[in-house]
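Novice: Sequence plus predicted model, see below.
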Amino acid sequence: MPSIRYSATQKFLHWFIFLLVVLVYGLTYAEGLFERGDPGRDTVWWLHMSFGLLLLALVFVRVAVRVGSGAPEDVAGTSSLGHWAAHATHFALYVLLIAIPLSGIALAALRDMPLSFFGLFTLPAPLAPNRAAVPSVQEVHELLANLILVVAGLHALAALWHHYVRHDEVLRRMMPER
Ligand code: HEM
Ligand code: HEM
């Protein structure tokens, strides 16, 4: 019988990845805390990239778990248009969760910044440094990062609407069991 809830692994990955998106996005504002030339600025981007790479690795695990064990059945009581909108939003979120770090990796390589993962190892640069290409890739990376905030914001509003207005199981099945 198909499950009606997400598995503990799926819940953990959903909420941990949510926190990582907020942290990695929030870190971009920390640059402003340091003067130009202060090594604190490099540390901010080192953390941004390390946590961003962790996020990408966890998204791959999450997609593998999703493909392997699927999702619970749609909650009854929502129109087929509502289900379609939810599935399209989830798909868009997965695409953004992969495209943002990939554009970030491209940006770091073009800027000739080492792709260090918390100082443990450094990934090989997938592209040769190219200053001229930086502004357009930077714009794409920033645009996609802003887009995930909008899409995830609407997605969160929909989840809260299900919980507080429809009083159905949608939010509860993504919450830890009590
Ligand atoms: C969900 C994950 C991520 C989010 C939400 C995110 C978001 C952002 C945002 C909002 C900016 C500021 C855009 C700007 O004005 O320059 C930025 C810059 C940047 N990000 Fe990310 N990013 C993510 C992951 C990554 C990853 C994985 C890497 C590389 C490994 C990366 C590398 C960079 C670089 C190099 C910059 C520009 C730094 C500079 O201008 O000197 N990002 N990111
Ligand atoms: C960066 C922020 C977020 C991202 C990237 C994200 C991503 C996703 C994705 C991809 C799914 C689909 C899971 C699957 O079936 O494979 C999902 C499901 C879900 N998310 Fe989020 N989410 C975010 C934030 C939130 C927030 C803030 C809430 C609650 C207020 C929330 C509530 C839910 C719920 C309840 C589900 C299950 C929906 C259902 O059963 O159809 N999410 N999320």
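Specialist: Done, it's in. Ligands and ions are numbered 1, 2, ... in the order given.
Novice: neighbouring contacts of the helix or strand where I17 lies?
Specialist: Per DSSP states H and E, I17 falls inside helix 8-30. The contact list for helix 8-30, computed with Cβ atoms under 8 Å, 6 or more residues apart in numbering, reads 6, 44, 47-48, 51-52, 54-55, 58-59, 61-62, 65-66, 69, 71, 97, 145, 148-149, 152, 174-177. (C-beta placed from N, C-alpha, C; glycine too.)
Novice: Give me the subset of those lying in helices.
Specialist: Residues of the contacts of helix 8-30 located in helices (DSSP state H): 44, 47-48, 51-52, 54-55, 58-59, 61-62, 65-66, 69, 97, 145, 148-149, 152.
Novice: Now that we have those, which of them are buried?
Specialist: The neighbour-count criterion (16 or more other Cβ atoms under 10 Å) marks 44, 48, 51-52, 54-55, 58-59, 62, 97, 145, 148, 152 among the ones in helices among the contacts of helix 8-30 as buried.
Novice: Can you pick out the most distant pair from those?
Specialist: Spatially, the most separated pair among these is V44 and R62, at 26.2 Å (Cβ to Cβ).
Novice: Could you check how far the residue nearest to L115 when sequence neighbours are not counted is from ligand 1?
Specialist: Excluding the flanking residues, the one nearest L115 by Cβ to Cβ, 6 or more residues apart in numbering is L123, at 4.0 Å. Applying Cβ to the nearest ligand atom, to the nearest Å, the value for L123 to ligand 1 is 8 Å.
Novice: In contact with L123, which residues?
Specialist: L53, I105, L115, F117 are the contacts of L123 under Cβ under 8 Å, 6+ apart.
Novice: Can you sort out which of the buried ones among the ones in helices among the contacts of helix 8-30 also neighbour ligand 1?
Specialist: Contacts with ligand 1 within those, as defined by Cβ under 6 Å from any ligand atom: H48, G52, L55, A145.
Novice: got a pLDDT number for the last one?
Specialist: As summarised for this prediction, A145 has a pLDDT of 98.
Novice: ok, so what distance separates it from G104?
Specialist: 9 Å (Cβ to Cβ, to the nearest Å).
Novice: For the residue most central in space within the chain, give its distance to R5.
Specialist: Nearest residue to the geometric centre of the chain (Cα atoms, centre = their mean): L97, 4.0 Å. From L97 across to R5, the span is 22 Å (Cβ to Cβ).
Novice: quick one: low-confidence parts of the protein?
Specialist: 1-2, 178 (pLDDT under 70).
Novice: With that, I have no additional questions.
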